[in-house]
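Novice: Fold the following and give me the result.
(one chain, ligands or ions: 1)
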Amino acid sequence: MKIAFIGLGNMGGGMAANLVKAGHDVRAFDLSQDALAAAEDAGCATFGSARAACEDAEAVVSMLPNGNIVRDVYRTDVIGQAPAGAVLLDCSTIDVATAREVIATAEEAGYDMVDAPVSGGIAAANGGTLTFMVGGSETAFGRAKPILEAMGKAVIHAGDAGNGQAAKICNNMLLAVQMIGTCEAFSMAEKLGLDPQTFYDISSVSSGQCWSMTSYCPVPGVGPQSPSDNGYQGGFASALMLKDLKLAMEAADSAGAKTALGKHAQEIYEAFAEEHGALDFSGIIKTL
Ligand code: NAD
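Specialist: Numbers count the residues shown, from 1 in each chain. Now for the predicted structure:
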């Protein structure tokens, strides 16, 4: 397929490269010349504007920083510019309301469109092992699925437009709360005289076990390899976790959902990210 790809940053660069590997003709655009040069090395054709990249596209994929940019790019350069009948896939993490608004505008103009945010970081984007949570009509999902499968290991239909974003922020709010709880438990165990490895051996086979402990342990040298073993470098930056928590709290307010722990998690990540935004989100343990 001829696929326009807009936003070739940390995540989009690897995703576009995987579409090339799957045999697609990828037409790439990014505001950054470095990102464009890397995309060219990966086998993409590069263009001087999003509009030019979309001109003959049968599908458009975007991986952009936030909702305002997604709205602007779709309104100005994609909707009405991509050929009628193209399927549109926004994989960025953005607020539910903007996702629904952009998809409604695209549908009014006759396009099928999905929101398809991802779980998994840069390594999963490069390795083609992302999980996509997809919102949109059955028809749009059916058309988007084979394209997403070339970039991920799981593609799940979450319901109507915006529901992919809803699934993403609910998951990440849970993850943030779970990670803070895991850090508090390890820190308290140590203060009470328990060896961290011994606590891991007990809790990882008891009812407190969770992903933050068994796959991403915040204590260096305990559990499988994780960012804590590398000075909390790499992994999922605290600034990105904070971004997702802000989106989650906005959505909670607008939906009237009670999220006391989600709100507290946002405050904790806000304070941490002020100085350590680039560190992995398990670095919270350093503050305890
Ligand atoms: P990034 O900043 O590395 O990449 C974004 C790219 O978009 C940049 O290359 C930038 O130049 C480009 N861009 C910005 N405005 C543009 C425009 N108007 N037209 C064309 N290109 C434009 O960010 P990233 O880490 O790749 O994240 C992208 C999205 O994926 C975000 O929504 C983020 O929340 C989400 N996400 C990131 C991760 C992660 O681990 N990095 C994980 C899951 C989801």
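
Novice: for the ligand, what are the nearby residues on this protein?
Specialist: Applying CB under 6 Å from any ligand atom, we find that the chain lies next to the ligand at 6-12, 29-32, 35, 50, 63-65, 69, 73, 92-93, 118, 121-122, 236, 240, 243. Just so you know, the C-beta spots here come from the backbone N, C-alpha and C atoms, and that holds for glycine as well.

Novice: one more time with 8 Å, if that's ok
Specialist: Applying CB under 8 Å from any ligand atom, one finds that the chain approaches the ligand through 6-13, 29-32, 35, 50, 63-66, 69, 72-73, 77, 91-94, 117-122, 125, 168, 236-237, 240, 243-244.

Novice: So which of those are in helices?
Specialist: Counting by DSSP state H, those place 12-13, 35, 50, 69, 72-73, 122, 125, 168, 240, 243-244 in helices.

Novice: Give me the buried entries from these.
Specialist: 12-13, 35, 50, 69, 73, 122, 125, 168, 240, 243-244 (16 or more other CB atoms under 10 Å).

Novice: Most widely separated two among those residues?
Specialist: Comparing all pairs in these by CB to CB, the longest separation belongs to Ala50 and Asp244, at 24.9 Å.

Novice: which of the buried ones among the ones in helices among the residues of the chain next to the ligand lies closest to Asp280?
Specialist: Leu240 (10.0 Å).

Novice: Next, the residue of the stretch 1-150 of the chain found nearest the ligand: phi, psi?
Specialist: Nearest residue of the stretch 1-150 of the chain to the ligand (CB to the nearest ligand atom) works out as Gly9 at 1.8 Å. Note on Gly9: its backbone torsions stand at phi -80, psi -150 [degrees, to the nearest 10].

Novice: What of the one 10 residues further on?
Specialist: Dihedral angles phi and psi of Leu19 (degrees, to the nearest 10) take the values phi -70, psi -40.

Novice: what's around it, how many residues?
Specialist: Leu19 has 24 neighbours, counted by other CB atoms under 10 Å.

Novice: Distance of it relative to Val70?
Specialist: Separation of Leu19 from Val70 (CB to CB, to the nearest Å): 19 Å.

Novice: circling back to that earlier point, right, and the residue of the stretch 1-150 of the chain closest to the ligand touches Asp34 too?
Specialist: No - counting by CB atoms under 8 Å, Gly9 sits too far from Asp34 to count as a contact (9.9 Å).

Novice: higher neighbour count, the two?
Specialist: Neighbours per residue, other CB under 10 Å: of Gly9 and Asp34, the larger number sits with Gly9, 19 against 11.

Novice: which non-adjacent residue is nearest the more buried one?
Specialist: Distance criterion CB to CB, 6 or more residues apart in numbering; nearest residue to Gly9, sequence neighbours excluded, is Ala35 at 6.2 Å.

Novice: so the one you found makes contact with Asn10?
Specialist: No - shown here, Ala35 and Asn10 do not form a contact pair, counting by CB under 8 Å, at 9.5 Å.
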